[in-house]
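In: Got a predicted structure here, sequence first:
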Amino acid sequence: MGHVVIDVMLKPEILDPQGQAVRGALPRLGFEQFADVRQGKRFVLTVEGDVTEEHLAAAREAAEKLLSNPVIEDVVSVRAATSHDTDPGQ
Amino acid sequence: MKVGVVTFPGSLDDRDALRAVTAVGAEAVSLWHGDADLRGVDAVILPGGFSYGDYLRCGAIARFAPVMDALVPAAQGGLPVLGICNGFQVLCESHLLPGALIRNDHRKFNCVDQRLVVQNNQTPWTSDFEVGQEITIVLKNGEGGYVADEATLDELEGEGRVVFRYAGDNPNGSYRAIAGVTNERGNVVGLMPHPEHAIEEGYGPSVDGLKFFTSVLKAAVNA
């Protein structure tokens, strides 16, 4: 099984209330050094076999059409997963 | 005159919208998300609620429901369409209306009697209002912040396509206090507050919502 990883972030000019909520909580845990937090979304799409260029092209199209709203969000990256993505413990 | 109301999985206010249509003497027709069929209606309402659990983004999955395959071209062809709350979000996700709705800036769910100023009475959904008229209807949502880029906002203002603006304090951080907008043609209107909850004395803050429905009835008669 291969995996395609897609990262989506709110555009910089769009207010991110969720990120702000997280930003507000960090100092309460003693994390004073982070000036701002932006929260995004990661999608992991699974395919049979290895990830091909065709898979990546289809994933890019899906990212633009459904997984992101181009009015408020940017698709930051679409890429084949590495072993680190699928098993961070490695 | 027949007005259709679409039910998606997770729609909440479809019954109230159907009831409001009936209250002004029009025929209310239930439309189903899974059918690419508008059943010959003269206008369509996309109701409030949490279609598909608001997963991914509000309205993002409803946009691809089979009924939208019929609705999008009909709306582009001039069919009057009103999106209320989640319906507004669906219209934005469908690109029938510009902009998008994001989480309220204060991050709390709003449930208030909201004052609005009518800015445009040239749409089939607002013709019974006066420009500048203040109305009070219910606002109840968690993701009601209207956003768009500056160029789009300027275009909306310049073309008179801001249909409703919040009066008093901005309840959710909407850019330029925009509560509702229309498309270039003026037949598609979306707003976050709920006219269908303000049609009967004793149930809601006013009966100001009735005029949305009497307006569209008149538009159909004159069409």
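Out: Alright, I've got the coordinates.

In: Pull up the residues of chain B that are close to chain A.
Out: Contact residues, chain B versus chain A (C-beta under 8 Å from any C-beta of the partner chain): B:56-57, B:60, B:64, B:92-93, B:98-100, B:102-107, B:145, B:147-149, B:173. (Each C-beta comes from the backbone N, C-alpha and C, glycine too.)

In: Which ones among these lie within helices?
Out: B:92, B:93 (DSSP state H).

In: May I see the ChimeraX selection of the buried members of the residues of chain B next to chain A?
Out: The following ChimeraX line selects those of the residues of chain B next to chain A that are buried, judged by 16 or more other C-beta atoms under 10 Å in any protein chain shown:
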select /B:56,57,60,92,93,98,99,100,102,103,104,105,145,147,148,149,173
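
In: Among the residues of chain B next to chain A, name the ones in strands.
Out: B:100, B:102, B:145, B:147 (DSSP state E).

In: The last one: what's it in contact with?
Out: Residues counted as contacts of residue B:147 (C-beta atoms under 8 Å, 6 or more residues apart in numbering or on different chains) are A:14, A:15, A:71, A:72, B:99, B:100, B:101, B:102, B:174, B:175.

In: Turn those into TSV, including distance to residue B:11.
Out: Output for the contacts of residue B:147, formatted as TSV (distance: C-beta to C-beta, whole Å):
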residue	distance to residue B:11
A:14	27
A:15	27
A:71	23
A:72	23
B:99	22
B:100	20
B:101	16
B:102	21
B:174	23
B:175	27
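
In: Which single one of the residues you listed is nearest to residue B:12?
Out: The closest of the contacts of residue B:147 to residue B:12 turns out to be residue B:101 (C-beta to C-beta; 16.3 Å).

In: I'd like to know how many residues surround that closest one.
Out: When neighbours are defined as other C-beta atoms under 10 Å in any protein chain shown, residue B:101 has 29 of them.

In: where's the residue lying closest to it once chain neighbours are set aside relative to residue B:145, distance?
Out: Nearest residue to residue B:101 in three dimensions, chain neighbours excluded: residue B:89, at 4.9 Å (C-beta to C-beta, 6 or more residues apart in numbering or on different chains). Taking C-beta to C-beta, to the nearest Å as the measure, residue B:89 falls 11 Å from residue B:145.

In: No more questions from me, cheers.
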